[in-house]
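*Asks:* Following is a predicted model, sequence given first.
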2 protein chains.
Amino acid sequence: MLTIGQLAKYVGVSTKTIRVYHAKGLLPEPDRDSSGYRRYGAEAVVDLLRIRTLAEAGVPLATIRNLGAGQELAAALQQIDDDLTDRIRGLEATQARLRELASGDVQLLPAEVDVHLRGLAELGFSAQWVAMERDLWIIVFATYPETGDELFRDQAGALAEPALRELYLEYDRARDLEPDDPTLVDLADRIVAASIERYGSDLPGQAIDPNLPQLLQNTVNASSPAWQRLDQLIRRRLG
Amino acid sequence: MLTIGQLAKYVGVSTKTIRVYHAKGLLPEPDRDSSGYRRYGAEAVVDLLRIRTLAEAGVPLATIRNLGAGQELAAALQQIDDDLTDRIRGLEATQARLRELASGDVQLLPAEVDVHLRGLAELGFSAQWVAMERDLWIIVFATYPETGDELFRDQAGALAEPALRELYLEYDRARDLEPDDPTLVDLADRIVAASIERYGSDLPGQAIDPNLPQLLQNTVNASSPAWQRLDQLIRRRLG
DNA sequence: ATGCGACCTTGCCCCTAGGGCAAGGTCAAC
DNA sequence: GTTGACCTTGCCCTAGGGGCAAGGTCGCAT
């Protein structure tokens, strides 16, 4: 008959772990010897190995205690196996991201985007606009690096068209207007028309993550009450 | 600028998680807006994604906070990557054991061992001896299923030899002797001689796990003071 | 028979990484 | 102007043990 320490060493757990399993009703308390020590038989070894296998698979102890039998047990084990497969896949994905983080030296923005941002100032955009746009691109590339390029090329293309560039400049200049300034209504109308002409009813980026445009817009809105009003007007028109 | 909820949803964590990271100094507290709400910029998104990658890799938050830079950081990341590889391997091993557990219907002993145990009674062994030997085999097969067969074949071979079988029977009968019975000394001598003749100086099973023979012997000893004395005498001679 | 080190007992508090709830303030939309 | 969805801080709770205290016990050597 084994003492708790022998059992623990043999199965590769601590004595504390075994006592916890007793306290939680996972492993029956064995008989005590004349001096009150717990004495374990062979079934305890088998039970404990079974409990450890399940616990290492991530099954909560309370669940291990209540695993059914027969049909029910088989279904539960299948579920546990599937979950385990998912966790392994998840860890592999995490490892991939970890390696990007280690090797990539995490440059926040592609070089071409930095060039683009520096060019904005020369086109007449305010420093606040440039800073805000930089933040937006960081968010986009941090969360969707692969499609960020596509969005960026679209944006660069839009700025290459003089009419659209003028519209963006007006947007920038509207920042310090009062939210009830009547020129905002006219500006909103022209932005809606240009947007529909260029994109139809689907905003760029929407296919990637339906929340993305809203998130970016919220970031813009927070900088200025006039911009917030402008967004309201635009969305009212786009439906 | 993002609120805590927007940031949380975007990165895929709870707001509580972000507050915890602030409290632990992992993520700097951002500025507050006029009503006291936290407002986050793009760096927070980048920082949070980095923290989550590390946290999902199993790095404790306190460690994440203190990751160095440059050379030191690279070494730490390599260590984390290696640990992650180990954990993935471990989970795959756990999954393999889980499937054994699910499919194998966990029969404690191979059929041939059960036959062997039933045969012992007919050879004149006591019920206690048979029960004890059953426990021993359960422990062996539970912990080393692949080499249990080999040990078992050796044991069956030993019992097939009349002289050795008689020695085992004497061992069994010694159970209820007083520990200071002088016949134990003679029995120990003959057991040592037979053991050396059969195995040389290496006990069977020792190659698998150096603790295994001792563990099994402890189980035997616990049943009887005479057996414990016998073990002492034998080890003093072999030792 | 006495000491020693390694074991065992119960009971208690501590940790991580958050979850959940309360009580109150705020925002946006109808 | 009310309603629902946010936000704030503060507090307690959880799982799966780790670690310590204060005491009892074992086997082995002296």
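*Replies:* Cool, got the structure. Numbers count the residues shown, from 1 in each chain, chains lettered A, B, ... in the order given.
*Asks:* Out of the helices and strands in chain A, which is least certain?
*Replies:* In chain A, no helix or strand scores lower on mean pLDDT, DSSP states H and E than helix A:212-221, which sits at a mean of 71.
*Asks:* Let me see the mean pLDDT of whatever helix or strand comes next after that one.
*Replies:* Counting by DSSP states H and E, the element after helix A:212-221 in chain order, helix or strand, is helix A:225-238. Across helix A:225-238, pLDDT averages out at 80.
*Asks:* helices or strands up against helix A:225-238?
*Replies:* In terms of contacts (3 or more Cβ pairs under 8 Å, 6 or more residues apart in numbering or on different chains; DSSP states H and E), helix A:225-238 is packed against helix A:183-199, helix A:212-221. No exception for glycine: its C-beta is placed from N, CA and C like everyone else's.
*Asks:* near DNA strand D at all, that helix?
*Replies:* No - applying Cβ under 7 Å from any atom of the strand, one finds helix A:225-238 separated from DNA strand D by no less than 14.3 Å.
*Asks:* tally of neighbours for residue A:156?
*Replies:* 14 (other Cβ atoms under 10 Å in any protein chain shown).
*Asks:* need the contact list for it.
*Replies:* residue A:116 (Cβ atoms under 8 Å, 6 or more residues apart in numbering or on different chains).
*Asks:* do the same with residue A:26
*Replies:* Counted by Cβ under 8 Å, 6+ apart, residue A:26 has contacts A:51, A:61, A:64, A:65.
*Asks:* Filter those down to the buried ones, PyMOL style.
*Replies:* Remark: buried members of the contacts of residue A:26, expressed as a PyMOL selection using 16 or more other Cβ atoms under 10 Å in any protein chain shown:
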select buried, chain A and resi 51+61+64
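*Asks:* Among the helices and strands packed on helix A:225-238, show me which one is buried the most.
*Replies:* When you average the neighbours per residue for each of the helices and strands packed on helix A:225-238 (mean count of other Cβ atoms under 10 Å in any protein chain shown), helix A:212-221 leads with a mean of 18.
*Asks:* Spatially, what comes nearest to the closest residue to DNA strand C within chain A if we skip its sequence neighbours?
*Replies:* Taking Cβ to the nearest atom of the strand as the measure, the point where chain A comes nearest DNA strand C is residue A:5, at 2.4 Å. Of all residues beyond its chain neighbours, the one nearest residue A:5 is residue A:15 (5.8 Å), with distances taken as Cβ to Cβ, 6 or more residues apart in numbering or on different chains.
*Asks:* Surely that neighbour touches residue A:4?
*Replies:* Yes - if you go by Cβ atoms under 8 Å, residue A:15 and residue A:4 touch, sitting 4.9 Å apart.
*Asks:* Between these two, tell me which one has more neighbours.
*Replies:* The neighbour count for residue A:15 versus residue A:4, taken as other Cβ under 10 Å, is higher for residue A:4 (19 against 15).
*Asks:* Kindly confirm whether my reading is correct that the more buried one touches residue A:37.
*Replies:* Yes - using Cβ under 8 Å, residue A:4 is in contact with residue A:37, at 7.5 Å.
*Asks:* roughly how far apart are residue A:16 and residue B:101?
*Replies:* When distance is defined by Cβ to Cβ, to the nearest Å, residue A:16 is 24 Å away from residue B:101.
*Asks:* These two: who's more crowded?
*Replies:* A direct count of neighbours by other Cβ under 10 Å for residue A:16 and residue B:101 places residue B:101 higher, at 18 against 10.
*Asks:* now the more buried one: how far from residue B:219?
*Replies:* From residue B:101 across to residue B:219, the span is 24 Å (Cβ to Cβ).
*Asks:* Residue A:189 now?
*Replies:* Distance from residue A:189 to residue B:219, counting by Cβ to Cβ: 89 Å.
*Asks:* In three-state terms, label the residue lying farthest from the centre of chain A for me.
*Replies:* Distance from the C-alpha centroid of chain A peaks at residue A:34, with 57.8 Å (Cα atoms, centre = their mean). Classification of residue A:34 by DSSP: H, G, I helix; E, B strand; the rest coil places it in coil.
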